[in-house]
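Asks: Here is a sequence with its predicted model. Questions after.
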Amino acid sequence: MPRQGKKMQNVSFRSVDELLEYLEGEELKMVEALRATIMQALPDCREKLSYQVPFYKINKNICFIWPGSVYWGEERTYKGVLVGFSYGGLFANQFNYFEKKNRKMVTMKLFEKPEDIDFNILKSYLFEAALFDKQFIQKK
C-alpha cells in the first residue's frame, strides 16, 4: 500500500509494482499498455521509480509515465495519464503529437482514455529518443 509521503506528492511507493497495485480502471489499463510499448520499443531501457512514477533510461532519462492519480502538489490536476520525453524539445516532432509549451526540454502528451493513444506515433518518438540517447554513451 502507498505510504503517505513527501509534501509535494500524495503517495509514496517502494516499487513500480506497488504503484500498479494503487492504480485502477482505465488509468491502470493505459499505464500497463504504455509500459509494454516502451519496453518493446526500448528493450535496453531500465525502468525506475522516480517522483513516484516510472521513468525509463538507457544512458539518461528518456521518458516517463505519470498517472493523474499521482499528484504533483496538493491536488489532482488532470485525469488520465501523461507520457513525457525528457529531451523531447530536441526531437523533430514531425507529428506535433507531444507538446512543449513553455518548457525548454520536456515534451508531454495527456491521454484521457485508452483510445487516445496512437501507439504507432508513440513508437516513432521512442525510436527517435533511443537514437538521441546514444550521444550520452559514457566514454571509457
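Replies: That came through fine.

Asks: Surely residue 32 is in a helix?
Replies: Yes: counting by DSSP: H, G, I helix; E, B strand; the rest coil, residue 32 is found in a helix.

Asks: That one: neighbour count?
Replies: Residue 32: 14 surrounding residues under other Cβ atoms under 10 Å. (Each C-beta comes from the backbone N, C-alpha and C, glycine too.)

Asks: Ok, residue 17 next?
Replies: 10.

Asks: can I have the host helix or strand of it written out in CSV, keeping just the CAs?
Replies: Using DSSP states H and E, residue 17 sits in helix 16-22. Taking C-alpha atoms only, helix 16-22 is exported to CSV below (Å, rounded to 0.1, in the frame of the first residue of the first chain):
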residue,chain,number,x,y,z
VAL,A,16,6.6,0.2,-9.8
ASP,A,17,4.6,-2.9,-8.9
GLU,A,18,3.3,-1.1,-5.8
LEU,A,19,2.3,1.8,-8.0
LEU,A,20,0.4,-0.6,-10.3
GLU,A,21,-1.5,-2.0,-7.3
TYR,A,22,-2.6,1.5,-6.4
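
Asks: Residues in contact with it: which ones?
Replies: Defining contact as Cβ atoms under 8 Å, 6 or more residues apart in numbering, one finds that helix 16-22 is touched by 1-2, 11, 13, 28, 31-32, 47, 49, 52-54, 67, 69-70.
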